[in-house]
Every structure is written in structure tokens, then in C-alpha cells.
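Colleague: Okay, structure incoming, though there's no sequence with it:
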């Protein structure tokens, strides 16, 4: 259901509570502000299928923007504000965004992309002024009557590919009005994760990520309350659970590690009795970490496997996981198909590419028909993959044995080595370079660069630090290699393909 339903029945119920400041947005507020913004965007010329770009930190207005798009047939593109100005500008431009709304906490970044995104027709800022941006508050306050026609919109989020350039994931807009039966994915999440009006959901991750944005939307669609952390902190998360009676939360394994690193007496004193489900996803969770969390919080951990593409979904509870250790569960959305490189479906126990079969093709990559086609099975276009590798057992449980070709997952964030390699390709001291992820006790993986110096160049600690600084100047800081190792030669096949396993063996 659309949150307007709950604005009518429980107008004063909190839809959003900020964990740190206590700022609260009621369902009446969420409904009114999102309806006003939807009208204002319409008056600016946006029509169903157009794009609203959002550059926001964690604050209630991010969800107002989200619902304004969803109630007026727009796509909303939420952008990672940890990216460099050039990376953000690429996404804004590639998405064809007609309107961009930024928040005052990201003033420097918002101002920096103005000259890089000339196709944006209108820019607004939430809060204090930013040069080149009009007032968001004035825009909403001056909006006219609600739109009569309210077609359902969707998110269009960006997920990097192996080429390093992110691609927008664009699902077809559903032929639904907001007052009709809602998004079936929201209904599925609501049933699978027991969401309802009594749900108090702790959102601990940045709102620009697919999972937090969609989960907050699903909680609202089912009438619950979102408790949003301004940023994750282990002790603050425990405080929020106790203070607000959190019943449901979602974290990445790195957050579990940081919780487990708290002093034993702090963990023992934590009041987590209201929790009935603790969900984790986005990155592989070390079995020892998962077991420790089950020992602490009880058998309430639930793991799911999906993607920004949302082409399929699996889920597994604690009891099942203890019997199928390492599995990510059975399919709830789509039918799992494991295929070899030729597309032949494999029997249980054999490793191959993970596809999900759906009734229709569930997504397309914006402006990239080739990549869209590559994600589809050669004989069955409605079977799609995001490139993960795994197998199913005889009982239908999925196990992932690898991730997308060379993708690194650090703290739940996807990092694509090719992007870093492209930055370093023309570095004057480098002949060849390869970037991989190596195990990290806290982050899951960390970035390591293997560098083959040019003839006459000696690999020194000073050069390693210079290379790291070179990368930091050009792309987001979280992508900078933590380590730079020098090799006489990068292992490649005669055709130039990187032999990743040889590099991985060096970390053993």
C-alpha cells in the first residue's frame, strides 16, 4: 500500500524517526510533503518515466523524495555521495535527470557538479543555500493541489560493471496507481520479513544504497516505522534498538563484526529483547561471525541474497542455516537455474552461473543494450544473471562460491577492480596492474593492487604511497588500494586475460 493509506488511518504515527537527533516525520507529514513535491515536479515539467536525481545523506527528506517519485510515475536515482564529483556527474548525466535535489550537508559536492551537469534543468537544496540551487522548502511550500493521476514510479539505481563505468538499472514501470493493490515486491518483502504496522525497523546503512532505500519503502508500504541512523555506530545501534523498541533491522556483516568487537560487558548489558528478526545481506558473512551473532541475539538472523537488479531473491533463517551452513537459502522470487558457460542447465551440486527465471525480463541496463543482453540466458531471455557463481543442493538451497568476475565487496560496498586498473593504466611508472580483493577480518575484503613497474623503475614504499595518492585524486576514497605489492610480471594468458587465481594464491 501507499503510505497515504496510513496517513488517513494513523496520521500522527511516526513514519521516520532519526536515531540521533530524534527528528520525526509522521505519516501525515510524509504523505503531505511527498504529494506536494510530486505536484511541484510535475509543474516543472517532469512526466512519467522522467528522472529525479537525489544527492542526500541520511535524513527524512530522502524518503519524501523517494515517495514523491513513486507516487508520480518518476524514476528516482539516489547517488552515492562518497563518489568523486566526476563520478557523481557521470551518473547524473547518464540518468538524464531533469531535476536534482541535494542536501546542504553535501554542499561542496553539489556545487562541484554544477558545471559538469549542464543538462539538469532545475536544482534545489534542502536546508542552507548552495550556489546554483533554489530552495527546496520554497518549492514544496508553493506547490498546488495534489495530482489526480498518480501512476507508480520506481527507483533507477546505479551498479558498476566490470568496465568500471556504473550502469543504471531500469525496471519497467508497473501499470499501477498508488490507490490500487501495491507493488508485489513490497508485498513479498512484507510477508517474508513479517512487516506490518507494528514493525519498527532500524535502517543503519546509507540511504542511497538499494537495500536501505527499498526496505524503508517497504516498511512504509506496510505501515511500520523507520528508525534511521545518521551513520552507523555499533554502540549507537544498540542504543537505538533499546530506545525505540526495534523489532526488525538489516545490517551488513561488517556491522556485525563491529558489534562483536564491543567489550563483553557492553554487549551483555544491551537490551535487544524487542528484536524478532535481524536481517543481513550485501556481502558474504563469515560463518564464525554469523554463529557468534546467533549465540548473542538468538536464532533470529535471516540472510537473503539479491542484487540491485532485483532479478531474484533467496532467504534463509537461522535454523535452516545451521543445517545448511554457508547457504543463502531458497528462492522466494524467481526460480534458480544454474548453468554452465554454454547455457546448459546443471544438476544439483554442480557449480555454474546463477540465473533466476522470471515471467518477464525484470530489468534493463540504461543505455546499454549489450550489457542487458549479456545478463540474459542465451536461450531463455527471462532467465537473468548478475554474474554470480554457485550451486544448489538436492534440497534447493543456493550456495555462492564466487562473486561477479573480479568484484570486491568491502564493508558491504561493491568495488570493481577494472575502474581502479583503468586509473592506473597510464601511470608513468606502471607497465601493468591488477587489482583484487583479499580477506579482511573487519571489512570482509580490502583492496590490493599488484603492480608491474616499467623497466628501470624500482618498486619502493615511496612509489606505493605515490600510487595510492594518484588513485585517491581521481576516484572515491573507499576504492583506493589499502596495499600495493610489486611483481616482476602480472600473470596473464596469451590472450591477455588476467589469471586471478595466481594472484589469490599470493595471499594464502
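Modeller: Structure's in. What do you need? For clarity, every value in this text was computed on a predicted model and none was experimentally measured. Numbering: from 1, shown residues only.
Colleague: Next, residue 275: secondary structure please.
Modeller: Recorded secondary structure, residue 275: coil (DSSP: H, G, I helix; E, B strand; the rest coil).
Colleague: Likewise for residue 464?
Modeller: Assignment for residue 464 (three-state DSSP): helix.
Colleague: list the contacts for it?
Modeller: Residues near residue 464 by C-beta atoms under 8 Å, 6 or more residues apart in numbering: 451, 483-484, 486. All C-beta atoms are positioned from the backbone trio N, CA, C, and that covers glycine.
Colleague: cool, and residue 306?
Modeller: So, once contact is read as C-beta under 8 Å, 6+ apart, residue 306 ends up touching 211, 281, 312-314, 333.
Colleague: mind checking pLDDT for it?
Modeller: If you check residue 306, the pLDDT there is 91.
Colleague: and it, what are its phi and psi?
Modeller: phi -150, psi -160 (degrees, to the nearest 10).
Colleague: With residue 210 instead?
Modeller: Dihedral angles (degrees, to the nearest 10) for residue 210: phi -60, psi -50.
Colleague: how many neighbours does it have?
Modeller: 19 (other C-beta atoms under 10 Å).
Colleague: again with the one 4 residues further on
Modeller: Burial of residue 214 is recorded as 20 neighbouring residues (other C-beta under 10 Å).
Colleague: for residue 227, same thing?
Modeller: Using other C-beta under 10 Å, residue 227 has 25 other residues around it.
Colleague: wait, it sits on residue 21?
Modeller: No - here residue 227 does not reach residue 21: they are 11.7 Å apart, not a contact under C-beta atoms under 8 Å.
Colleague: for the stretch 301-450 of the chain, what are the low-confidence residue spans?
Modeller: 402-405 (pLDDT under 70).
Colleague: Any idea how far the lowest-mean-pLDDT helix or strand in the chain is from the middle of the chain?
Modeller: Lowest by mean pLDDT, DSSP states H and E among the helices and strands of the chain is helix 184-192, with a mean of 73. Relative to its parent chain, helix 184-192 has a centroid offset of 18 Å by C-alpha atoms, centre = their mean, to the nearest Å.
Colleague: just checking, what packs against that helix?
Modeller: Packing contacts for helix 184-192, counted by 3 or more C-beta pairs under 8 Å, 6 or more residues apart in numbering; DSSP states H and E, involve helix 210-221, strand 313-317, strand 330-333.
Colleague: Can you name every helix or strand that the longest one contacts?
Modeller: It refers to helix 210-221. Checking 3+ C-beta pairs under 8 Å, 6+ apart, helix 210-221 ends up next to helix 60-70, strand 154-160, helix 184-192, strand 200-203, strand 225-228, strand 248-251.
Colleague: Please produce a markdown table containing the ones you listed, extended by distance to residue 328.
Modeller: Listed next are those as a markdown table, based on distance: least, C-beta to C-beta, whole Å:
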| stretch | distance to residue 328 |
| --- | --- |
| helix 60-70 | 27 |
| strand 154-160 | 19 |
| helix 184-192 | 14 |
| strand 200-203 | 21 |
| strand 225-228 | 25 |
| strand 248-251 | 15 |
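Colleague: which residues of the stretch 351-500 of the chain fall in helices?
Modeller: 369-374, 417-424, 461-472, 500-505 (DSSP state H, counting those that start in this stretch).
Colleague: Can you spell out the domain ranges of this protein, please?
Modeller: Domains of the chain are assigned by automatic domain parsing as 24-178, 326-405, 408-505.
Colleague: Kindly state which of those domains is positioned closest to residue 304.
Modeller: domain 326-405 (6.8 Å; C-beta to C-beta).
Colleague: ok, then the element right after the longest helix seen in the chain?
Modeller: Secondary structure of the chain per DSSP state H: the longest helix is helix 27-43. The C-terminal neighbour of helix 27-43 among helices and strands, as given by DSSP states H and E, is strand 51-55.
Colleague: What average pLDDT does that following strand get?
Modeller: For strand 51-55, mean pLDDT is 98.
Colleague: before we move on, the earlier item: deepest-packed of the domains of the chain, please.
Modeller: With neighbours taken as mean count of other C-beta atoms under 10 Å, these reach their highest mean count in domain 24-178, at a mean of 20.
Colleague: before we move on, the earlier item: now tabulate the helices of the stretch 351-500 of the chain in CSV and tack on distance to residue 97.
Modeller: Putting those into CSV (distance: least, C-beta to C-beta, whole Å) gives the following:
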stretch, distance to residue 97
helix 369-374, 20
helix 417-424, 22
helix 461-472, 27
helix 500-505, 36
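Colleague: What segments of the stretch 401-508 of the chain are strands?
Modeller: Assigned by DSSP state E, counting those that start in this stretch, the strands in the stretch 401-508 of the chain fall at 408-410, 413-415, 430-440, 444-453, 483-486.
Colleague: Many thanks, have a good one.
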